[in-house]
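> Pasted the sequence and its predicted model underneath.
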Amino acid sequence: LRGPAVLPRVPGTPETPTARERFDEIVLRTLAELDARWHTRLGLVEFAVEDIPDLPDDWHTDAVPPASLVRGAGARPHRIVVFRRAIEHRSEGRADLEALVLTVLVEQVAELLGIDPEDVDPRYEPQ
């Protein structure tokens, strides 16, 4: 089969969302749920999704981190970065991907707030 199976309604744009768009949607939905509960304590936090982390040359383990927390200083906000490819490689399906995104984000928010992940979200299950 050559060419698209479904022709797009708008030329030049895919008819179905890409894997990156689906992942971003999962992250945004999860963040909305966490922010609704913790927005007063979180303060100024930037969230980002990147494909892969920029690891230093002296990285000595095969494990790639699924996320990173960079604490802000002064006027700089805290920043939580989720690494899409690291999470996708650890997931076996859509439900597993959603659960892992929730776990990773809850752990990052818990570390930022200095509380247990179980207190951040009752659905938290360590992986």
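Received it, and whenever you're ready, just let me know what you need. Numbering: from 1, shown residues only.

> drop to CA atoms for contacts and neighbour counts, all remaining ones
Will do.

> ranges for the helices of this structure?
19-42, 84-90, 94-113, 117-120 (DSSP state H).

> Quickly compare the ones you listed and say which is most buried.
helix 94-113 (a mean of 19; mean count of other Cα atoms under 10 Å).

> Just the residues contacting it, thanks.
26-27, 30-31, 34, 41-42, 66-69, 71, 80, 82, 87-88, 90-91, 116-117, 119-121, 124-127 (Cα atoms under 8 Å, 6 or more residues apart in numbering).

> Centroid-nearest residue for the chain?
Against the mean C-alpha coordinate of the chain, by Cα atoms, centre = their mean, the closest residue is Val82 at 3.8 Å.

> residues contacting the residue lying closest to that residue once chain neighbours are set aside?
In this structure, Val82 finds its nearest non-sequential neighbour in Ala67, 4.3 Å apart by Cα to Cα, 6 or more residues apart in numbering. Applying Cα under 8 Å, 6+ apart to Ala67 gives the contacts Ile80, Val81, Val82, Phe83, Val104, Leu105, Gln108.

> now Ala67: how far from Pro11?
Distance of Ala67 to Pro11, given as Cα to Cα, to the nearest Å: 35 Å.

> likewise Glu21?
18 Å.

> All set now, cheers.
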